[in-house]
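Q: Structure for the following, please:
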Amino acid sequence: MRMSSFEQKHKIIITFKRFYLWFHTYIVLRKTFRQSPVSVRVRAGESVQLTCDPPIGVPTPVVKWEKDGQLFDLTTANDPYSFGGDGTSLFISEVQIEQTGSYVCAAENNAALRKTDAAVVSLYP
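A: Residues are numbered from 1 along each chain as shown. This is a model prediction of the structure:
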């Protein structure tokens, strides 16, 4: 069956839109963090910066931090903690015994939730 030029153009547009919609529904979050936080030992009163660079993902993953299994709220100021770089850096000012523990960086999007191994912040004796 022969199509008119109008029908041929319509078919191409419809085919293109189907491909376009399929392409944009693809989501992914790679498994490997580009940078994970590392354990650190400091003297009481010193400051610490933990950094994490999340895996590449579509859509871009949201970074979250946990201390000893408890999630931080990145939207509120919580001395001595502060966050930088869209949550990719966690700053701890004047570390005391209360701030020692295990810190985990998590990255999440619609595809998955990924977590780093724990970075331990501890004090010199």
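Q: Lys64 falls within a strand, correct?
A: Yes - Lys64 sits within a strand when classified using DSSP: H, G, I helix; E, B strand; the rest coil.
Q: who are the neighbours in contact with it?
A: By Cβ atoms under 8 Å, 6 or more residues apart in numbering, the residues touching Lys64 are 71-72, 74, 87, 105-108. No exception for glycine: its C-beta is placed from N, CA and C like everyone else's.
Q: can you check Ala112 too?
A: 29, 57.
Q: Next: Arg114.
A: Counting by Cβ under 8 Å, 6+ apart, Arg114 touches 29, 31, 33, 54-55, 61, 106-108.
Q: per-residue pLDDT, it?
A: Arg114 carries a pLDDT value of 97.
Q: Now it: phi and psi?
A: With angles defined as degrees, to the nearest 10, Arg114 sits at phi -120, psi 150.
Q: likewise Ile97?
A: phi -60, psi -30.
Q: With respect to Pro80, which of the contacts of Arg114 is nearest?
A: Distance to Pro80 across the contacts of Arg114 (Cβ to Cβ) is lowest for Ala106, with 21.0 Å.
Q: partner residues bridging that closest one?
A: With DSSP bridges applied, Ala106 shows beta-bridge pairing to Lys64, Lys115.
Q: where does this protein have its least confident helix or strand?
A: In the chain, no helix or strand scores lower on mean pLDDT, DSSP states H and E than helix 5-24, which sits at a mean of 48.
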